[in-house]
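Trainee: With the input below, show me the fold.
(2 chains)
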There are 2 protein chains.
Amino acid sequence: MTHIIPVILSGGSGTRLWPLSVEQRPKQFLSLVSDRSMFADTLARAIDASRFGPALIIGAERHTALMEAEISDAALADARIILEPVARNTAPAIALAAVAAGGSEAVMLVMPSDHVIADIPAFLAAIDTALPAAQQGWLVTFGINPTGPETGFGYIRMGKPLDEAPGVWAVDRFIEKPVREKAEAMLAEGEHCWNAGIFMLRADRYLEELEKHAPDICRAVHHALDGVALNERLIRPEPGRFAACPSDSIDYAVMERATRVGIVPVSCGWSDVGSWDALAQIGVSDDDGNTVSGDVIALDSQNSFIYADGITVTASGISDLIVIANGSHVMIVPKGRSQDVKRIAETLKAASKPKASPPG
Amino acid sequence: MTHIIPVILSGGSGTRLWPLSVEQRPKQFLSLVSDRSMFADTLARAIDASRFGPALIIGAERHTALMEAEISDAALADARIILEPVARNTAPAIALAAVAAGGSEAVMLVMPSDHVIADIPAFLAAIDTALPAAQQGWLVTFGINPTGPETGFGYIRMGKPLDEAPGVWAVDRFIEKPVREKAEAMLAEGEHCWNAGIFMLRADRYLEELEKHAPDICRAVHHALDGVALNERLIRPEPGRFAACPSDSIDYAVMERATRVGIVPVSCGWSDVGSWDALAQIGVSDDDGNTVSGDVIALDSQNSFIYADGITVTASGISDLIVIANGSHVMIVPKGRSQDVKRIAETLKAASKPKASPPG
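Mentor: Below is the predicted model of the structure:
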């Protein structure tokens, strides 16, 4: 039986869960959904030795210690970490993994490290469905069956079912994040899935399509790994050469242009945890609709999401609020307004520009 | 000219501004209204050498360091602090001051240390009005002209104006904290003031009335100061003897029973800062009705009171909230619900009972 190589993408700086997620500790290293980080949860999904071989992790060099701490588990003894000296988006990151995987017919399961999947059996079943197509050379995306007219995700339109791989469809086309009306139309039409950024593909097929559609990326990645030992625990692409690589996503650089792109639709309790509102929807709420974490007391309060880390949060009589607090910061927004996080963070940054400090 | 002895009552454990005010640092030692503590603001009101002699402060022994830090000002070099080993309410506290003042015809201006007075000239004018009556032996209260049908204060009904002291009325009677309807009726009737707990009276007259109406208190206080040096910076009543003193307020023990009790009505921007709502009303708000203090960013928010001490608070899209945050605690209640503080504090206390810790 083929062993799938889990490829964990951890290079993101995910600051949409500010103020908890910051550049020094982006979202994937926070324990927001379980008592482990989302990074650790992602690894744990791909640890089953009957399906998976040793993982390949691609992350930022400055997060080396965070990543190493998460893979101290014996079951991950053979995992390797490719340390990106700079971020160049997913197309180069996956190319690094494909080269480190030997560029062979090895099948890679590419997963972002900061997503939540609640229904692991459903996800594993989708993997089993996708595997034959991937082995045959299809670049398979996992499409999430939409549960609402979300405007924050790209969509994928399903084409014809593949005769050679039951449960897999050819991709008709990729669709950019839509406006509301278009999202509703796609939902009504059916045959559209959310693009979750999870892929299963052979290393050689990926590099082949990359060479065809983004040769600069393909060349730069090979160049950056030239002479680098690929069997070490930590793999370090040559910084100057990797910095010279163009930055692009796998979607733009490869998936939207390649031939033999397939999709396996799946309902697996997926979330990209792209906002505090998204996290609030995932959490288990009490009878009053409150989801709380940490030292929190909420009296006579409804439908609020309160997260406390290293600080006590108390409330009485509040409704429909998101409250995020740690020892240095408290952020409060009404439910449904967590997109304001970006503006708040920018305003705060502008307001707290470092002043000239006296010498000594 | 007679010099009035300011008597500053600082023995309160004022926890109504929890979570900022705690037993270790009650309300009077917080800087909430100005950049000084309310304790310091109270002292500053009675520092004018043309009117006032050296102050007498009565506070809890455990707050000695806090009080001494506040009276390091040269103008307060002669102030004395009477350290209560236990709290016994205001009647004994003022008796301690009266004895320390020599029990003479010295006129004392008794002021709680945790009230705000915005209009100092109006307050000083009321003091000038009260002085002749106090010198003649009247126990004078300062009654606050009510600005609304408040149910959180006691009221005083004015009687006849005194011929011998213009601007002073005899007190008709003291009225307990009323229900709403009664408060509204008193407001409509006029001739009623709020009881602010601010008094001007001669030391000997106070002790005389105390001896008559609460002889146990009078005796216990004399006993507790027997042999104690009264001219030191720190005056320490004998703990066991003071602990034996009954606990009672000046209102119950003396004012409601004494003869020759007068009132000077005054409008001086007074507040007892008895709740976060009260504090929110005092603060200067911006165009959106927000009052903020500390590192606060409030975008697209209205009518909120946000206080941050040692922590950053950010918000977007909130309305009518009170947010109090320091490095260890965040409390959030809607405006108008700051009375919930007590219940929150009690719930938290019950929830965080210390667990048995392992030895070592």
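Trainee: contacts, neighbours, all on C-alpha from now
Mentor: Noted.
Trainee: what helices or strands is the helix or strand containing A:Arg241 leaning on?
Mentor: Per DSSP states H and E, A:Arg241 falls inside helix A:239-243. Using 3 or more C-alpha pairs under 8 Å, 6 or more residues apart in numbering or on different chains; DSSP states H and E, the elements in contact with helix A:239-243 are helix A:215-225.
Trainee: Check the offset of the helix it packs on from the chain's centre.
Mentor: Distance of helix A:215-225 from its chain centroid, counting by C-alpha atoms, centre = their mean, to the nearest Å, is 23 Å.
Trainee: continuing past it, what's the next helix or strand?
Mentor: From helix A:215-225, the next helix or strand downstream (DSSP H and E) is strand A:234-235.
Trainee: That following strand pairs with which strands?
Mentor: strand A:80-84 (parallel) (DSSP bridges).
Trainee: hey, where'd the strands end up in the stretch 101-250 of chain A?
Mentor: A:107-112, A:116-117, A:139-144, A:155-161, A:169-175, A:192-202, A:234-235 (DSSP state E, counting those that start in this stretch).
Trainee: just those: most buried one?
Mentor: Mean neighbours per residue, mean count of other C-alpha atoms under 10 Å in any protein chain shown, is largest over the strands of the stretch 101-250 of chain A for strand A:139-144, with a mean of 26.
Trainee: Residue of the stretch 151-300 of chain A closest to chain B, please.
Mentor: In the stretch 151-300 of chain A, the residue that lies nearest chain B is A:Ile297 (6.9 Å; C-alpha to the nearest C-alpha).
Trainee: Can you tell me, leaving aside adjacent residues, what's nearest to that residue?
Mentor: Once flanking residues are discounted, A:Ile297 sits nearest to A:Thr314: 4.7 Å by C-alpha to C-alpha, 6 or more residues apart in numbering or on different chains.
Trainee: Tally up the residues packed near that neighbour, please.
Mentor: 24 (other C-alpha atoms under 10 Å in any protein chain shown).
Trainee: quick one: strands adjacent to the one helix or strand it maps to?
Mentor: Element membership for A:Thr314 (DSSP H and E) is strand A:312-316. Counting by DSSP bridges, the strands paired with strand A:312-316 are strand A:296-299 (parallel), strand B:329-334 (parallel).
Trainee: low-confidence ranges in chain A?
Mentor: Applying pLDDT under 70 to chain A flags residues A:1-2, A:353-360.
Trainee: how much does the lengthiest helix in it deviate in direction from strand A:107-112?
Mentor: In chain A, assigned by DSSP state H, the helix with the most residues is helix A:120-135. Using axes from the mean of the first three to the mean of the last three C-alpha atoms, to 10 degrees, the inter-axis angle of helix A:120-135 relative to strand A:107-112 is 130 degrees.
Trainee: quick one: buried residues of helix A:120-135?
Mentor: A:Phe123, A:Leu124, A:Ala126, A:Ile127, A:Thr129, A:Ala130, A:Leu131, A:Ala133, A:Ala134, A:Gln135 (16 or more other C-alpha atoms under 10 Å in any protein chain shown).
Trainee: With stretch A:339-352 instead?
Mentor: Buried residues in stretch A:339-352 (16+ other C-alpha under 10 Å): A:Gln339, A:Asp340, A:Val341, A:Ile344, A:Ala345, A:Leu348.
Trainee: Need the three-state assignment for the first one.
Mentor: It stands for A:Gln339. Secondary structure, DSSP: H, G, I helix; E, B strand; the rest coil: A:Gln339 is helix.
Trainee: Excluding covalently adjacent residues, which one is nearest to it?
Mentor: Leaving aside its sequence neighbours, A:Gln339 sits nearest to A:Ser275 (C-alpha to C-alpha, 6+ apart; 6.9 Å).
Trainee: One more: the last one?
Mentor: Leaving aside its sequence neighbours, A:Leu348 sits nearest to B:Ile297 (C-alpha to C-alpha, 6+ apart; 6.9 Å).
Trainee: what's around that neighbour, how many residues?
Mentor: Residues near B:Ile297, counting by other C-alpha under 10 Å, number 21.
Trainee: contacting residues for it?
Mentor: A:Ile344, A:Thr347, A:Leu348, B:Val313, B:Thr314, B:Ala315 (C-alpha atoms under 8 Å, 6 or more residues apart in numbering or on different chains).
Trainee: Who is it paired with across the strands?
Mentor: Listed beta-bridge partners, B:Ile297: B:Thr314 (assigned using DSSP bridges).
Trainee: re the thing from before, how much space between the residue nearest to A:Ile297 and B:Pro265?
Mentor: According to C-alpha to C-alpha, to the nearest Å, A:Thr314 and B:Pro265 sit 40 Å apart.
Trainee: SS state for A:Leu9?
Mentor: In three-state terms, and counting by three-state DSSP, A:Leu9 is strand.
Trainee: out of everything not next to it in sequence, what's closest to it?
Mentor: In space, A:Leu9 is closest to A:Pro112, 4.6 Å off (C-alpha to C-alpha, 6+ apart).
Trainee: who in the stretch 1-150 of chain A is up against chain B?
Mentor: The stretch 1-150 of chain A comes close to chain B at no residue, as judged by C-alpha under 8 Å from any C-alpha of the partner chain.
Trainee: The closest residue to chain B within the stretch 1-150 of chain A in helix, strand or coil?
Mentor: At 9.5 Å from chain B, A:Pro19 is the closest residue in the stretch 1-150 of chain A, using C-alpha to the nearest C-alpha. Here A:Pro19 is recorded as coil under three-state DSSP.
Trainee: what's the burial count for the closest residue in space to A:Leu321 that isn't next to it in sequence?
Mentor: Leaving out its chain neighbours, the residue that sits closest to A:Leu321 by C-alpha to C-alpha, 6+ apart is A:Pro334, at 4.3 Å. For A:Pro334, the count of nearby residues is 20 (other C-alpha under 10 Å).
Trainee: coming back round to it: could I have the CA atoms of the strand holding A:Thr314 written out in CSV?
Mentor: Provided in CSV are the C-alpha atoms of strand A:312-316 (Å, rounded to 0.1, in the frame of the first residue of the first chain):
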residue,chain,number,x,y,z
THR,A,312,-9.9,36.9,34.2
VAL,A,313,-12.8,38.2,32.3
THR,A,314,-16.1,38.8,34.0
ALA,A,315,-19.3,40.1,32.5
SER,A,316,-23.0,40.6,33.4
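Trainee: where's whichever helix or strand comes after it relative to the chain centroid, distance-wise?
Mentor: Using DSSP H and E, the next helix or strand after strand A:312-316 towards the C-terminus is strand A:321-326. Strand A:321-326 sits 23 Å away from the centroid of its parent chain (C-alpha atoms, centre = their mean).
Trainee: how big is the angle separating strand A:321-326 from strand B:321-326?
Mentor: 10 degrees.
Trainee: Could you list every helix and strand in contact with strand A:321-326?
Mentor: Counting by 3+ C-alpha pairs under 8 Å, 6+ apart, strand A:321-326 packs on strand A:305-309, strand A:329-334.
Trainee: Is there proximity between the first one and chain B?
Mentor: Read it as strand A:305-309. No. Against chain B, strand A:305-309 shows no contacts by C-alpha under 8 Å from any C-alpha, the least distance being 9.3 Å.
Trainee: Determine the set of other helices and strands touching that strand.
Mentor: Helices and strands touching strand A:305-309, by 3+ C-alpha pairs under 8 Å, 6+ apart, are strand A:291-293, strand A:296-299, strand A:321-326.
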